[in-house]
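*Asks:* Provide a 3D model corresponding to the input given below.
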Amino acid sequence: MELAEKKLEKNAPIDQAFIDSMEASLLKLKAEIVDNLIASSKDFKEIVEGMDPKDLADVASDDIDRKMIEAIGTAELKRLKLIDSTITRMKQGKYGLCIKCGKRIPQERLQALPYALMCIDCKTEEERRNR
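*Replies:* Below is the predicted model:
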């Protein structure tokens with residue numbers, strides 16, 4: 001394959017079927033995280049049981065009160081926020097574009113980490129700076 005063809009392929013829009021499958025995976029992952037939190041945390045279970053069922057899907061999107069943050073834990077809260085951010089980017093047509101450089105994130109990376117917001121180069125650079 002010629003260099004010009006490889007460049008076009010790298011910048012080609014992501015297939016809608018791929019985006020749809022990634023969205024389904026993200027929604028399933030979000031539900032699993034919430035279910036695991038309900039099963040493992042009495043406080044979280046009490047909070048969720050007091051919610052309207054339609055609000056359950058938005059539990060990580062809405063303003064989360066202090067008690068819920070304590071029940072969730074920072075790692076799971078971060079994952080839920082990344083998932084919500086990614087779903088928003090899908091709706092905006094920005095899924096698969098690095099938030100730092102704007103380049104296309106390889107589909108292999110998105111399959112491994114569906115809520116990846118940065119390409120490998122930008123993520124590596126960020127991690128080096130944060131050491």
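*Asks:* residue boundaries of the helices in the protein?
*Replies:* 3-11, 16-40, 42-49, 53-56, 66-72, 74-91, 107-112, 120-129 (DSSP state H).
*Asks:* check these for me: which has the lowest mean pLDDT.
*Replies:* Here the lowest mean pLDDT among the helices of the chain goes to helix 3-11, at a mean of 45.
*Asks:* which residues touch the closest residue to residue 18 other than its chain neighbours?
*Replies:* Nearest residue to residue 18 in three dimensions, chain neighbours excluded: residue 107, at 6.4 Å (CB to CB, 6 or more residues apart in numbering). For the C-beta atoms, the positions are set from N, CA and C on the backbone; glycine is no exception. Shown in contact with residue 107 (CB atoms under 8 Å, 6 or more residues apart in numbering): 14, 18, 96.
*Asks:* so which of these wins on neighbours?
*Replies:* Top of the contacts of residue 107 by neighbour number is residue 96, holding 24 neighbours under the definition other CB atoms under 10 Å.
*Asks:* gap between the nearest residue to it once chain neighbours are set aside and residue 31?
*Replies:* Counting by CB to CB, 6+ apart, the nearest residue to residue 96 once its immediate chain neighbours are dropped is residue 14, at 4.5 Å. Relative to residue 31, residue 14 is positioned 23 Å away (CB to CB, to the nearest Å).
*Asks:* go on, residue 128?
*Replies:* Using CB to CB, we find residue 128 at a distance of 34 Å from residue 31.
*Asks:* great, nothing more from me.
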